[in-house]
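**Q** got a predicted structure plus its sequence, pasted below:
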Amino acid sequence: MSKLEIALSYLDKGLSVIPLYSPEMLRARPSKNFLVELKKEIEKNKESSNPLSENDITQKVLTTHCKKPCIFGWKDFQGRLPTQEEVTYWFTQNPTANIAILTGEVSNLVVFDLDSEEAVAYAKEQGGFLDSVRVKTRRGYHIYM
């Protein structure tokens with residue numbers, strides 16, 4: 001399935017979706033903001049007592065930037081679903097874009113971010129999320145309700 005097909009399937013389920021930057025997008029056409037942030041982090045790293053490699057800095061900035069919307073006015077979609085035409089346009093223009101689902105009332109969705117072993121342990125102590133969809137993340141889980 002293409003990213004467009006996936007985004008449209010989420011929209012059909014009543015979820016508000018928007019495109020985020022992806023590593024492929026930023027490698028092919030780095031945004032001005034990405035380049036400015038990367039330069040700033042490289043300079044800051046040079047002054048560090050324990051500097052990282054330039055590759056590590058680039059990966060760190062890339063990971064952070066790939067959590068950002070690649071469209072203007074994205075906050076409108078916190079209060080309304082995009083149209084099929086909007087989603088089709090976004091993912092036709094940027095077929096490798098990542099997909100974000102906006103949570104809250106607009107999508108009737110809450111996500112708990114258990115981003116440490118302590119958070120996971122605490123959730124289990126409190127009874128956990130037995131019937132909830134969960135996604136493994138780098139540091140823990142996202143629990144969808």
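**A** Yep, it's here. Numbering: from 1, shown residues only.

**Q** tell me the secondary structure at the residue nearest the centre of the chain.
**A** Relative to the mean C-alpha position of the chain, the nearest C-alpha, by C-alpha atoms, centre = their mean, is the one of Lys67, at 3.7 Å. Recorded secondary structure, Lys67: coil (DSSP: H, G, I helix; E, B strand; the rest coil).

**Q** determine the longest helix present in the chain.
**A** Longest among the helix segments of the chain by residue count, using DSSP state H, is helix 32-46.

**Q** show me what that helix is packed up against.
**A** Taking 3 or more C-beta pairs under 8 Å, 6 or more residues apart in numbering; DSSP states H and E as contact, the helices and strands that helix 32-46 lies on are helix 54-65. For every residue, glycine as well, the C-beta is placed using N, CA and C.

**Q** helices or strands next to whatever helix or strand comes next after the helix it packs on in the packing?
**A** Past helix 54-65, heading to the C-terminal end, the next element that is a helix or strand (DSSP states H and E) is helix 84-93. With contacts taken as 3+ C-beta pairs under 8 Å, 6+ apart, helix 84-93 sits against helix 3-12, strand 16-20.

**Q** I'd like these written out as JSON lines, with mean pLDDT added.
**A** Supplementary listing: those in JSON lines, determined by pLDDT from 0 to 100:
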{"stretch": "helix 3-12", "mean pLDDT": "98"}
{"stretch": "strand 16-20", "mean pLDDT": "98"}
